[in-house]
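[1] quick check, what structure comes out for this input:
(4 chains)
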There are 2 protein chains.
Amino acid sequence: MAYTVGQVAKSAGVTVRTLHHYDEIGLLSPSGRSGTGYRRYDDADLERLQHIRYYRELGFPLEEIAAILNDPASDPAAHLRRQHELLTVRIKRLQEMVTAIEFAMEASKLNIPLTPQERFEVFGDFDPDAHAEEAEQRWGGTEAYRESNRRVSRYTKDDWLRNKAENEDWGRRFVEVMSSGAPADSPAAMELAEEHRQIISRWFYECSYEVHTGLADMYVADERFTAYFERIRTGMAAYLSEAIHANAISRA
Amino acid sequence: MAYTVGQVAKSAGVTVRTLHHYDEIGLLSPSGRSGTGYRRYDDADLERLQHIRYYRELGFPLEEIAAILNDPASDPAAHLRRQHELLTVRIKRLQEMVTAIEFAMEASKLNIPLTPQERFEVFGDFDPDAHAEEAEQRWGGTEAYRESNRRVSRYTKDDWLRNKAENEDWGRRFVEVMSSGAPADSPAAMELAEEHRQIISRWFYECSYEVHTGLADMYVADERFTAYFERIRTGMAAYLSEAIHANAISRA
DNA sequence: CTTGACCCTCACGTAACGGCAGGCGGGAGC
DNA sequence: GCTCCCGCCTGCCGTTACGTGAGGGTCAAG
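    The predicted model follows:
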């Protein structure tokens, strides 16, 4: 039931220095000391540290965390509730960022210029004068980044040409199906919609049916995307959008 | 097509000082200056800033961002792909944190002690010696936090007593249904499972059917949770779990 | 031609630790 | 009982990513 700094640091995923720092500023002082001055943490200290870690992950400054944790009005359960709420808000925000990236990616693929607002919309929508920053240290050393780095750098100039060719080939065949008079929910059109989805998944990002229909909506909702497809073939934006929706429904 | 620092700062959601800083360290130098020395940013600068903001949000140190962006091997599209991937990884991690909170909340509700590993599991699973930190500044000023604060602090001692009473009342009625011999997928049992879900939603966090079945699984998978329910009534853990699952299926 | 909002360059301040120096403590192996 | 290495201690200076003025030009609207 009593732990040393090293043990606490290891299990909580922080450094000893961090625990020293928390002690210095009075955010987390161990409940006791050994005869020789060693810090001794108990289970209550660990619970407090758990809350500290979560609030830190959510971006709160230490001073504020101290204020929140020392507030006698909110017990441990209240903190868990608040953390749960803040986490879900945050997840929502990251999901919006993902959507924004997908939008930017489509725009970049189709050579459509973005306005400043569109580029930064997702950053500027909470408090007009308080914006969110983040400084997650040493992410560069994590698996996720290395993996991403490996994948991204695998694309060579050659790959790009192949991707372009694949896209153009798909476009030709899609126009053919359109011209044949087959409806947008015909097997042939749906098959090409599915191929469209798989091309995105292969070259860009895992494109679920949900994400795919999101793109479809974008194609008809945003006039620049619409214009891009209309230049290829009149009515293509709506037709493609419908085919994507039909495909998503039939595969679900 | 040319913007001043102030305009860029406003639309990108950063301060002028930040842009000055990026200029100083050579991360983002405006493409030109006016005759009187004013910084002039163009669209390419904005695109670069967009990438900087996303990488920052993902926690990369500025130096590394500079290295990534100056790498001739990866074009803008490659950055978007990488950001998309990193964001989804991050979302997954936050979702794991949410689950961990739900676990901790149930444990706290039922007075079950957690081991250090369980408290910090979610923090310690990437690189054994490189952990993720975050310092999103001024979150304390955002809407999300204030809202959360308002909600959490609304609970008074009185509320807690009411919550406890509500829970006990539910428990009594649940045991009654069990004793009546009705199967776990009977309307009566399912009705009480639904009520269980709504009590959680009302008092703790929005508990979807998915989250609810997650809890149900926990009740039978973790012996401490099982033991808690078994002390109330033999077979209750499995019965409750089954009722929750049946309820979720029938409502979906 | 003034005035207020906006821009410039220093330059010091801050938060949350990282990292090292210099020194004590402790337990396991001889 | 001694040694040896690892873990703990307390300073203390360094770093990142800006914040926050100070002191002084600039630009457009009235």
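
[2] pLDDT at the closest residue to A:Trp203 other than its chain neighbours, what is it?
    Nearest in space to A:Trp203, with sequence neighbours left out and distances taken as CB to CB, 6 or more residues apart in numbering or on different chains, is A:Asn163 at 5.3 Å. No exception for glycine: its C-beta is placed from N, CA and C like everyone else's. What the model reports as pLDDT for A:Asn163 is 86.

[3] pretty sure A:Asn163 is touching A:Phe204, no?
    No - applying CB atoms under 8 Å, one finds A:Asn163 not in contact with A:Phe204, separated by 9.3 Å.

[4] what are the boundaries of the strands in the stretch 1-150 of chain A?
    For the stretch 1-150 of chain A, strands defined by DSSP state E, counting those that start in this stretch occupy the ranges A:32-33, A:39-40.

[5] now look at the last one and say if it contacts DNA strand C.
    No - for strand A:39-40 and DNA strand C, the contact criterion (CB under 7 Å from any atom of the strand) is not met; the two come no nearer than 12.1 Å.

[6] and DNA strand D, is that strand touching that?
    Yes - counting by CB under 7 Å from any atom of the strand, contacts between strand A:39-40 and DNA strand D involve A:Arg39.

[7] any low-confidence regions in the stretch 101-250 of chain A?
    Low-confidence regions of the stretch 101-250 of chain A, defined by pLDDT under 70, span residues A:124-154.

[8] before we move on, back to that, of all the strands of the stretch 1-150 of chain A, which lies closest to chain B?
    Distances from chain B to each of the strands of the stretch 1-150 of chain A were compared using CB to the nearest CB; the shortest belongs to strand A:39-40, at 14.3 Å.

[9] contacting residues around that closest one?
    Outside of strand A:39-40, the residues that reach it under the criterion CB atoms under 8 Å, 6 or more residues apart in numbering or on different chains are A:Ala2, A:Tyr3, A:Thr4, A:Val5, A:Leu19, A:Asp23, A:Pro30, A:Ser31, A:Gly32, A:Arg33, A:Ser34.

[10] find the nearest non-adjacent residue to the third one, please.
    For A:Thr4, ignoring the flanking residues on the chain, the nearest one in space by CB to CB, 6+ apart is A:Tyr38 at 6.3 Å.

[11] what pLDDT does that neighbour get?
    Model confidence at A:Tyr38, given as pLDDT, is 95.

[12] pretty sure A:Ser31 is touching A:Asp45, no?
    Yes - under the contact definition of CB under 8 Å, A:Ser31 touches A:Asp45, with a separation of 5.6 Å.

[13] which one of these two is surrounded by more residues?
    Neighbour comparison, A:Ser31 and A:Asp45: the larger count goes to A:Asp45, with 20 against 14 (by other CB atoms under 10 Å in any protein chain shown).

[14] does the more buried one touch A:Leu27 like I think?
    No - with contact taken as CB under 8 Å, A:Asp45 and A:Leu27 are classed as non-touching, separated by 11.2 Å.

[15] so the residue sitting nearest the centre point of chain A versus B:Phe103, what's the distance?
    For chain A, the residue nearest the mean C-alpha position is A:Leu94 (4.4 Å; CA atoms, centre = their mean). The spacing between A:Leu94 and B:Phe103, counted by CB to CB, to the nearest Å, is 22 Å.

[16] do A:Tyr209 as well
    Using CB to CB, one obtains 31 Å as the distance from A:Tyr209 to B:Phe103.

[17] those two - which one has more neighbours?
    Ranked by neighbour count (other CB under 10 Å), A:Tyr209 and B:Phe103 place B:Phe103 first, with 21 against 17.

[18] just give me the neighbour total for A:Val180.
    Not quite, residue A:180 is Ser, not Val. By other CB under 10 Å, 10 other residues sit near A:Ser180.

[19] give the closest residue to it in space, chain neighbours not counted.
    Ranked by CB to CB, 6+ apart and with sequence neighbours excluded, the top spatial neighbour of A:Ser180 is A:Ala188, at 7.5 Å.

[20] for chain A, longest helix please?
    Using DSSP state H to assign secondary structure, the helix with the most residues in chain A is helix A:76-109.

[21] can you list the buried residues in it?
    Residues of helix A:76-109 classed as buried under the neighbour-count rule (16 or more other CB atoms under 10 Å in any protein chain shown) are A:76-91, A:93-94, A:97-98, A:100-109.

[22] any idea how far the residue of chain A found nearest DNA strand D is from B:Ala237?
    Here chain A gets closest to DNA strand D at one residue, A:Gly6, 2.5 Å apart by CB to the nearest atom of the strand. Shown here: A:Gly6 relative to B:Ala237, a distance of 38 Å by CB to CB.

[23] those two - which one has more neighbours?
    Between A:Gly6 and B:Ala237, B:Ala237 has the larger neighbour count (other CB under 10 Å), namely 23 against 11.

[24] isn't that one up against B:Glu223?
    No - taking CB under 8 Å as the contact criterion, B:Ala237 and B:Glu223 are not neighbours in contact, 9.5 Å apart.

[25] the closest residue to A:Glu242 other than its chain neighbours and DNA strand C: what is the separation?
    Leaving aside its sequence neighbours, A:Glu242 sits nearest to A:Ala184 (CB to CB, 6+ apart; 3.7 Å). Using CB to the nearest atom of the strand, to the nearest Å, A:Ala184 is found at 49 Å from DNA strand C.

[26] just checking, A:Ala184 touches A:Tyr239?
    Yes - at 5.0 Å, A:Ala184 and A:Tyr239 qualify as touching, with contact defined as CB under 8 Å.

[27] these two: who's more crowded?
    Legend: neighbour count by other CB under 10 Å for A:Ala184 and A:Tyr239, higher for A:Tyr239 (23 against 20).
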